[in-house]
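Visitor: next comes the sequence, and after it the predicted model I'd like to discuss.
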Amino acid sequence: MTEIPDTATGPAEPVAPRPGDADVEKLAADAIAACSRLIRFDTSNFGAGESRGERACAEWVAEQITDAGFSPVVLESAPRRANTVVRIPGTDPSAPALLVHGHLDVVPAEPADWQSYPFSGEVRDGAVWGRGALDMKDMDAMMLAFVHHLSRTGQRPPRDIVMAFVADEEDTGDFGAGFLCREHRDLFEGVDTAISESGGHSVHLSDGARLYPVAAGERGSAWMTVTVRGTAGHGSRRNDDNAIAKLAALVTRFADYEWPVRVVPIVRALLDGLSEHFGREISPQDLSGLGAAAPLLADTLRNSVNPTMLRAGYKHNVIPSEASVALDGRLLPGTEAEFFATVDELLGPDATRTGDQGSPVSADFTAPDFAAMAAALRAFDPEAIVLPFCMTGGTDAKAFAKIGIPGFGFVPGRTPEGFDAWEYVHGVDEHVLTDSLTFGAGVLATYLLTDPRGAGA
């Protein structure tokens with residue numbers, strides 16, 4: 001087994017300066033109020049550049065930060081597509097800075113499907129309700145609560161913290177993180193680590209223990225359009241060069257192909273950590289008995305390709321000369337060459353592919369910042385099991401990785417067994433529990449006030 005660094009004990013663990021109960025109470029109240037208000041901005045992102053815009057929300061965020069005594073900038077990448085960025089000075093300006101980024105846009109919601117209006121931000125039944133409550137206006141709210149905590153207490157973080165509230169993550173990120181990295185790279189001077197979605201939230205194991213998986217990597221994406229050409233003809237006549245028939249065979253080849261298991265280091269660390277916890281070897285071929293942790297592994301043991309859209313023909317009695325399929329490919333860190341070689345073999349000689357690729361990314365889960373996140377979680381849940389995992393999809397971490405900033409997924413939260421956040425993320429009746437916001441706001445503040453070098457705040 002790969003040796004997993006013990007972040008629970010030992011001299012390498014940083015000091016986690018847990019706020020007092022009164023401060024946690026105020027952090028929670030601020031986070032709940034901010035989350036409710038953020039949801040009331042309809043920042044729906046429909047894709048392909050169509051959006052209701054993040055400008056009003058970004059300006060409100062900037063007002064909150066300004067009221068706390070800091071100096072944010074609002075940067076518009078296109079009409080009404082805005083980003084708010086602020087640098088909070090730390091006590092040691094020579095220390096590497098930390099980037100904390102959250103997106104302001106959300107996926108659309110159909111009001112008729114919801115119990116209440118999806119942009120109400122209603123606080124009831126121990127939760128804040130509305131689109132974005134879990135993805136990811138909860139994190140945006142905890143970030144703002146921390147800013148107000150600094151203003152209220154006069155505390156300063158041990159290093160500079162750059163906070164970025166960005167547009168367009170739910171599409172390509174081009175108007176958000178991509179724009180900032182291209183046009184305003186100077187804002188991230190000295191940053192060597194970032195945190196954002198997803199990770200740090202409790203996952204209940206089958207034995208009742210609580211795992212807090214922190215994302216230390218993401219599968220890459222390959223969004224491909226594959227076109228097959230044939231011979232056009234009359235629909236009443238036999239055609240052995242039918243583009244649609246050839247495309248159907250191609251799609252079947254992908255559906256039938258079983259991608260081999262590839263246990264990359266991040267996934268190996270999670271497997272080994274769970275094996276150590278349960279006292280038995282966890283095999284990639286048998287994830288039974290892991291409880292809610294099984295999905296963390298199931299889709300990150302292999303690469304994958306799924307057909308998502310088909311396009312062919314224009315008339316019932318005309319055999320078209322070409323047909324195309326959209327393929328959503330996902331690839332693990334370190335497997336790019338193998339992935340594309342397999343894709344091209346499955347395509348065969350008659351097909352061509354075009355598309356965009358987002359390379360897989362990973363961060364060092366033995367780094368001091370990972371230990372600092374673990375320490376902050378244990379300050380609020382002493383029995384927390386903290387292990388790295390690889391995300392199945394992607395986030396804005398890919399954009400920042402291109403300018404040399406590795407990222408972790410860390411949006412802390414704690415929910416009771418049976419609450420499945422993935423049921424609501426991008427789903428109907430999305431809501432975040434206020435108890436989880438309370439926990440998360442306290443943990444996030446603790447981490448941001450922790451010196452990852454071990455010296456405390």
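Guide: Cool, got the structure.
Visitor: only C-alpha atoms from now on, for both contacts and neighbour counts.
Guide: Fine.
Visitor: report the beta-bridge partners for the nearest residue to V74 once chain neighbours are set aside.
Guide: Leaving aside its sequence neighbours, V74 sits nearest to T84 (CA to CA, 6 or more residues apart in numbering; 4.5 Å). For T84, the beta-bridge partners under DSSP bridges are V74, F165.
Visitor: what about the protein, any weak spots by pLDDT?
Guide: 1-13, 455-457 (pLDDT under 70).
Visitor: got the domain ranges for this protein?
Guide: Following automatic domain parsing, one finds the domains of the chain at 21-216+361-448, 220-286+298-358.
Visitor: which one of those domains is the most hemmed in?
Guide: domain 21-216+361-448 (a mean of 21; mean count of other CA atoms under 10 Å).
Visitor: check the offset of that domain from the chain's centre.
Guide: Relative to its chain's centre, domain 21-216+361-448 lies at 10 Å (CA atoms, centre = their mean, to the nearest Å).
Visitor: list the contacts of D42.
Guide: For D42, the contacting residues are 52, 119, by CA atoms under 8 Å, 6 or more residues apart in numbering.
Visitor: any chance of the domains of the chain in TSV, plus distance to P14?
Guide: Formatted as TSV, these follow (distance: least, CA to CA, whole Å):
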stretch	distance to P14
domain 21-216+361-448	6
domain 220-286+298-358	21
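Visitor: to A292, which of the ones you listed lies closest?
Guide: domain 21-216+361-448 (5.8 Å; CA to CA).
Visitor: show me where the stretch 351-457 of the chain has its strands.
Guide: For the stretch 351-457 of the chain, applying DSSP state E, counting those that start in this stretch gives strands covering 351-358, 361-362, 385-391, 407-409, 431-433.
Visitor: what is the fourth one packed up against?
Guide: When contacts are defined as 3 or more CA pairs under 8 Å, 6 or more residues apart in numbering; DSSP states H and E, strand 407-409 packs onto strand 191-196, strand 210-218, helix 397-401.
Visitor: any idea how far the residue lying closest to H204 once chain neighbours are set aside is from V203?
Guide: Among residues not flanking H204 along the chain, R210 sits closest, at 4.9 Å (CA to CA, 6+ apart). From R210 across to V203, the span is 6 Å (CA to CA, to the nearest Å).
Visitor: what's the answer for L327, then?
Guide: 31 Å.
Visitor: tell me where this structure has helices.
Guide: Ranges of helices in the chain, per DSSP state H, are 21-39, 55-67, 137-153, 177-183, 243-256, 265-278, 294-298, 336-347, 368-380, 397-401, 434-448.
Visitor: you'd agree G176 is up against R182?
Guide: No. G176 is not in contact with R182 according to CA atoms under 8 Å; the separation is 10.1 Å.
Visitor: grab the nearest non-local neighbour of E197.
Guide: In space, and not counting its chain neighbours, E197 is closest to G409: 4.6 Å by CA to CA, 6+ apart.
Visitor: so that neighbour sits against I195, correct?
Guide: Yes. Using CA under 8 Å, G409 is in contact with I195, at 5.6 Å.
Visitor: can you put the strands of the stretch 351-457 of the chain in CSV and add distance to D186?
Guide: As requested, the strands of the stretch 351-457 of the chain are exported to CSV (distance: least, CA to CA, whole Å):
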stretch, distance to D186
strand 351-358, 23
strand 361-362, 22
strand 385-391, 28
strand 407-409, 18
strand 431-433, 35
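Visitor: measure stretch 133-141 end to end?
Guide: Stretch 133-141: ends 10 Å apart by CA to CA.
Visitor: OK, contacts around the closest residue to V386 other than its chain neighbours?
Guide: Using CA to CA, 6+ apart and skipping the chain neighbours, the partner closest in space to V386 is Y212 (4.9 Å). Residues near Y212 by CA under 8 Å, 6+ apart: 199-203, 384-387.
Visitor: relative to V226, how far out is the closest residue to L347 other than its chain neighbours?
Guide: Excluding its sequence neighbours, the residue lying closest to L347 (CA to CA, 6+ apart) is L250, at 6.2 Å. Distance, L250 to V226, by CA to CA: 10 Å.
Visitor: what's the answer for Q64, then?
Guide: Taken as CA to CA, the span from Q64 to V226 is 47 Å.
Visitor: next one: T438
Guide: 47 Å.
Visitor: ok, now A399?
Guide: For A399 relative to V226 (CA to CA), the value is 26 Å.
Visitor: what does A367 give?
Guide: In terms of CA to CA, A367 sits 40 Å off from V226.
Visitor: also P158?
Guide: In terms of CA to CA, P158 sits 50 Å off from V226.
Visitor: contact partners for the residue lying closest to M391 once chain neighbours are set aside?
Guide: Nearest residue to M391 in three dimensions, chain neighbours excluded: E218, at 4.5 Å (CA to CA, 6+ apart). Going by CA under 8 Å, 6+ apart, E218 touches 332-333, 360-362, 390-395.
Visitor: try T352
Guide: 226-228 are the contacts of T352 under CA under 8 Å, 6+ apart.
Visitor: turn these into TSV, including distance to Y424.
Guide: Below are the contacts of T352 laid out as TSV (distance: CA to CA, whole Å):
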residue	distance to Y424
V226	32
T227	35
V228	38
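Visitor: isn't I282 up against A269?
Guide: No. The pair I282 / A269 is not scored as a contact, 11.4 Å apart, by CA under 8 Å.
Visitor: quick one: residues contacting V128.
Guide: Contacts of V128 by CA under 8 Å, 6+ apart are 32, 35-36, 121-122, 431-434.
Visitor: need those in JSON lines with distance to E417, can you?
Guide: Shown next, in JSON lines, are those (distance: CA to CA, whole Å):
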{"residue": "I32", "distance to E417": "22"}
{"residue": "C35", "distance to E417": "23"}
{"residue": "S36", "distance to E417": "24"}
{"residue": "G121", "distance to E417": "24"}
{"residue": "E122", "distance to E417": "24"}
{"residue": "H431", "distance to E417": "16"}
{"residue": "V432", "distance to E417": "14"}
{"residue": "L433", "distance to E417": "13"}
{"residue": "T434", "distance to E417": "15"}
